[in-house]
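> kindly return the folded structure for what I paste below:
(one chain, ligands or ions: 2)
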Amino acid sequence: MIVVMKLGSTAQQVEHVVNLVREMGLKDHVIVGEERTVVAVIGNDRFKDRSVLETCEGVDKVVPILAPYKMASREVKKERSIVPLMNGRGNGRSPTIGGQKVGVIAGPCSVESKAQILEIAHMMKAAGAVGLRGGAFKPRTNPYAFQGLAEEGLKYLAEAREQTGLAIVTEVMSIDQIDACCEYADVLQIGARNMQNFNLLNKVGETRKAVLLKRGMSATLEEFLLAAEYIMARGNTNVILCERGIRTFEDYVRNTLPLAIVPELHRVSHLPVVVDPSHGTGKSYLVESMCKAAVAAGADGLIVEVHADPEHALTDGAQSMTPQGFAEMMASVKRVASAVDREL
Ligand code: PEP
Ligand code: MN
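Ligands and ions are numbered 1, 2, ... in the order given. Modelled structure (predicted):
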């Protein structure tokens, strides 16, 4: 349930509500909105007595949250969330995802060498990206395929941030990788294959790093938001949702990219939404069109794979744009962004 405070309610009145919520054995999440303050009550509140809260001074009303996810729900927070990509770094000048500006994260699927990641980082920065992607731990279908450079790759990414100022986005596949990823990177990516790895979600929920949560390839929208809820329930509200395509019967693309999820997620959740047209299509020649379509549909950001030499990429070459293709894509997406009152 949500306790909606009256306009002009005092800090003491809010504190009193919070104390009562805790006495009920439930968790509170206070959201100070532009107009009024609400206290979201988190936990199983089905058999709790609402009237105790309804009669408190300063309380306007108590309303149930209908969605199974709470903190991720638009019912709890009407205003769209803006997530800083470099939480705890960047001296308060961190790039963000979720505001007026569409944030673009770009880079190779995997970190392959120091020279490779530094070269591409400078090119991505010059073309207008705000974040650099690159996997150091790679979830590969085939156990004999390149598995990533691990901690060495993370160090190269950190150096790329030093040189360019780009926020570093990298995948964390297991709990034991979290500390190293937090040390070197800025945004923890939870891959599609781990969207329902609840132990991992809980642990990244204990950090305060921005989390890019990719939709599982057979997850429903509700399951996607419940995965976000796991992270938020542990106190980390810096969650960015990422649509990366789902498995269907269709085989002309690697995955089917359902862009209707962008306005639907915005309708039911306040979290920012990023689209990944690289994994969403698997074909580099389809990426620019899907970037434009995603921004037209309201996406708050894009994550795109780019490689200086896609033919020789160790992973996901077929869906990687060239740096030149990326720069051209940025120019055309800029026009779409301004048509829908956004910036790039
Ligand atoms: C990736 O970003 O390279 C990746 C493995 O993504 P996904 O989890 O969406 O397959
Ligand atoms: Mn990839």
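> tell me which residue in the stretch 1-150 of the chain sits closest to ligand 1.
Distances between the stretch 1-150 of the chain and ligand 1 by Cβ to the nearest ligand atom are smallest at residue 109, namely 4.6 Å. Heads up, the C-betas are built off the backbone N, CA and C, glycines and all.
> what's the neighbour count on that residue?
25 (other Cβ atoms under 10 Å).
> that one and residue 170, how far apart?
Note on residue 109: its distance to residue 170, by Cβ to Cβ, to the nearest Å, is 11 Å.
> find residues that contact each of those two.
134-135 (Cβ atoms under 8 Å, 6 or more residues apart in numbering).
> show me what the strand or helix carrying residue 118 is packed against.
Remark: residue 118 resides in helix 114-126, with elements defined by DSSP states H and E. Counting contacts by 3 or more Cβ pairs under 8 Å, 6 or more residues apart in numbering; DSSP states H and E, helix 114-126 packs against strand 103-107, strand 131-133, helix 151-164, helix 323-339.
> now the angle from it to strand 103-107?
Inter-element angle recorded for helix 114-126 and strand 103-107: 160 degrees (by axes from the mean of the first three to the mean of the last three Cα atoms, to 10 degrees).
> show me what contacts whichever residue of the chain sits closest to ligand 2?
Per Cβ to the ion, residue 109 is where the chain lies closest to ligand 2, at 3.3 Å. Neighbour list for residue 109: 134-135, 138, 278, 305, 307, 313-316, 319-320 [criterion: Cβ under 8 Å, 6+ apart].
> how far away is it from residue 339?
Noted for residue 109: a distance of 30 Å to residue 339, by Cβ to Cβ.
> out of the helices and strands packed on helix 114-126, nearest to residue 73?
strand 103-107 (23.1 Å; Cβ to Cβ).
> now that closest one, how far from the centre of its chain.
Between the centre of strand 103-107 and the centre of its chain there are 12 Å (Cα atoms, centre = their mean, to the nearest Å).
> partner strands of that strand, parallel or antiparallel?
Applying DSSP bridges to the sheet, strand 103-107 is found paired with strand 131-133 (parallel), strand 301-305 (parallel).
> adding mean pLDDT, distance to residue 51 and mean neighbour count, write the ones you listed out as CSV.
Formatted as CSV, those follow (pLDDT from 0 to 100; distance: least, Cβ to Cβ, whole Å; neighbours: other Cβ atoms under 10 Å):
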stretch, mean pLDDT, distance to residue 51, mean neighbour count
strand 131-133, 98, 48, 29
strand 301-305, 98, 43, 28
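> so which of those gets nearest residue 30?
That would be strand 301-305 among those, by Cβ to Cβ, at 27.4 Å.
> what does this protein have sitting close to ligand 1?
Contact residues, the chain versus ligand 1 (Cβ under 6 Å from any ligand atom): 109, 135, 139, 191-193, 214, 244, 279.
> give me that answer again for 8 Å
Residues of the chain lying near ligand 1 by Cβ under 8 Å from any ligand atom: 109-110, 133, 135, 138-139, 171, 189, 191-194, 214-215, 217, 242, 244-245, 276, 278-279, 303, 305, 315-316.
> pretty sure residue 227 sits in a helix.
Yes - counting by DSSP: H, G, I helix; E, B strand; the rest coil, residue 227 is part of a helix.
> residues of the stretch 1-150 of the chain that sit close to ligand 2?
Within the stretch 1-150 of the chain, the positions near ligand 2 by Cβ under 5 Å from the ion are residue 109.
> mind listing what residue 14 touches?
5, 30, 37, 39, 58 are the contacts of residue 14 under Cβ under 8 Å, 6+ apart.
> what kind of secondary structure is it in?
helix.
> that one and residue 125, how far apart?
Relative to residue 125, and taking Cβ to Cβ, residue 14 is found at 43 Å.
> check which helix or strand residue 30 maps to.
For residue 30, the element it lies in under DSSP H and E is strand 27-32.
> closest residue of the stretch 201-344 of the chain to ligand 1?
Ligand 1 sits closest to residue 244 of the stretch 201-344 of the chain, with a gap of 3.8 Å, by Cβ to the nearest ligand atom.
> number of nearby residues for that residue?
22.
> who's in contact with it?
So residue 244 contacts 192, 214-215, 217, 255, 275-276, 279-280 (Cβ under 8 Å, 6+ apart).
> roughly how far apart are it and residue 125?
When residue 244 is compared with residue 125 (using Cβ to Cβ), they lie 24 Å apart.
> which regions of the stretch 1-150 of the chain lie under the pLDDT threshold?
90-91 (pLDDT under 70).
> show me the helices in it, by range?
11-23, 51-54, 114-126 (DSSP state H, counting those that start in this stretch).
> tell me which residues in the first one are buried?
By that I understand helix 11-23. 13-14, 16-18, 20-21 (16 or more other Cβ atoms under 10 Å).
> ok, stretch 335-344 next?
336-337, 342, 344.
> now, which of those sits nearest residue 201?
Out of these, the member with the shortest distance to residue 201 (by Cβ to Cβ) is residue 342, at 29.7 Å.
> residue 335 versus the closest one, what's the distance?
11 Å.
> name the residue most distant from the centre of the chain?
Distance from the C-alpha centroid of the chain, by Cα atoms, centre = their mean, peaks at residue 55 (38.1 Å).
> centroid residue for this structure?
residue 240 (1.8 Å).
> wait, a helix at it?
No - remark: residue 240 does not belong to a helix; assigned using three-state DSSP, it is strand.
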